[in-house]
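>>> Build me a structure from this.
(one chain, ligands or ions: 1)
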Amino acid sequence: LYLISGSAHTTLAQDIANYLGTSLIPIISKRFADGEIYVQIQESIRGGDVYLIQPTSYPVNDCLMELMIMIDACRRASARQITAVIPYSGYTRADRKVSGRESITAKLVANLITTAGADRVLAMDLHSAQVQGFFDIPLDHIYSTPVLLNYLQSKQLRDVVVVSPDIGGVGRARAFAKKFNDAPLAIVDKRRTAHNCAKVMNVIGDVKGKTAILVDDMIDTAGTITEAAKILRQEGARQVFACATHAVFSPPAIERLSSGCLEEVIVTNTIPIPEDKRFPQLTVVSVA
Ligand code: R5P
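Sure thing, here's the model as predicted:
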């Protein structure tokens, strides 16, 4: 078994290697003057079962292209099986056409990864479960729920209500609530006015006097989660926690998340979080 990390998240890759009691196969990954990416695997992987660890996070296009070049390099180095381990999968939010003349990038990315030569994909908390079917190779869809739950349950919170910040996330929040001692569920009715622009309308369910835990797959600009937190407070929630697998944290996420509307923001390390994106209310749990 060979573990190889792209440049997207070497810390997570190293944590996975430590957890497995192995080491990463060294690679050279560098940029040519024109921005093209060069990859060379530094040891023989002939006949091996290779796991390439690369979230396609930031900058998404470079991470994705580097992943494909790594897959191609492994294929040409005669690896027996190549698994693309993609803890955060960029471009998968567009999983259908919402209006005319758009691309379905989730399908396009699935095609690209498959064509590059991956035999298998390991993905975590995809935006929608049906993206699994966009791949014609096996895809293992794993969840961060156990590590998030483990952390939250250690806090011994009382009168918990699990809240989905939008209708699309109800299945995810319901599954989370079930595992969280069968906690009740509430739903925020979010309406989008434009891309990256969330407008909250109202809350379905009882949150008065309760500890609300918002559950989402990702926090990008944090509009969804902070608008939801505000309306939960207006509806009488005592405290509001937010937890999400993927900390995309595009501007102005940090300003919004640290504005005080959330008691604590719990995310995982599927995406690297640099120091300048850390704030006092943030807790990061590891999915390694
Ligand atoms: C939307 O359907 C997703 O589950 C997230 O709620 C959304 O992508 C978060 O985006 P933002 O943080 O920019 O509101």
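>>> Correct me if wrong, but G260 is in a helix.
No. Per DSSP: H, G, I helix; E, B strand; the rest coil, G260 lies outside any helix segment and is coil.
>>> Would you map the helices across the stretch 101-250 of the chain?
105-116, 145-154, 170-179, 223-234 (DSSP state H, counting those that start in this stretch).
>>> so which of the ones you listed is the most packed in?
Counting by mean count of other CB atoms under 10 Å, helix 223-234 has the highest mean neighbour count of the helices of the stretch 101-250 of the chain, with a mean of 23. Where you see a C-beta, it was placed from the backbone N, CA and C, and this is true even at glycine.
>>> name the helices or strands packed onto the top helix by length along the chain?
Secondary structure of the chain read by DSSP state H shows that its longest helix is helix 60-76. Secondary-structure packing of helix 60-76 (3 or more CB pairs under 8 Å, 6 or more residues apart in numbering; DSSP states H and E): strand 27-31, strand 37-41, strand 49-53, strand 81-86, helix 105-116.
>>> what inclination does it have with respect to helix 105-116?
30 degrees (axes from the mean of the first three to the mean of the last three CA atoms, to 10 degrees).
>>> before we move on, the earlier item: of all the helices and strands packed on helix 60-76, which one comes closest to A194?
Nearest of the helices and strands packed on helix 60-76 to A194, taken as CB to CB: helix 105-116 at 18.1 Å.
>>> How about D159: what's its closest non-neighbour residue?
K210 (4.7 Å; CB to CB, 6 or more residues apart in numbering).
>>> What about that neighbour, how many residues nearby?
24 (other CB atoms under 10 Å).
>>> who's in contact with it?
By CB atoms under 8 Å, 6 or more residues apart in numbering, K210 lies in contact with D159, V160, V161, A237, R238.
>>> Now with 6 Å, please.
Neighbour list for K210: D159, V161, A237 [criterion: CB atoms under 6 Å, 6 or more residues apart in numbering].
>>> What's opposite F241 in the beta bridge?
I213, E264 (DSSP bridges).
>>> Can you check the pLDDT for it?
pLDDT for F241: 98.
>>> Could you do N150 as well?
N150 is given a pLDDT of 97.
>>> Tell me how far it lies from the ligand.
According to CB to the nearest ligand atom, to the nearest Å, N150 stands 22 Å off from the ligand.
>>> now A129
13 Å.
>>> For that residue, which non-adjacent residue is closest in space?
H141 (6.6 Å).
>>> so how far is M124 from that neighbour?
8 Å (CB to CB, to the nearest Å).
>>> Select, out of the helices and strands packed on helix 60-76, the one closest to I219.
Nearest to I219 among those is strand 81-86; the distance by CB to CB comes to 18.5 Å.
>>> for that closest one, packing partners?
If contacts are counted by 3 or more CB pairs under 6 Å, 6 or more residues apart in numbering; DSSP states H and E, strand 81-86 sits against strand 49-53, strand 120-124.
>>> Can you give the domain ranges for this structure?
Following automatic domain parsing, one finds the domains of the chain at 2-142, 145-285.
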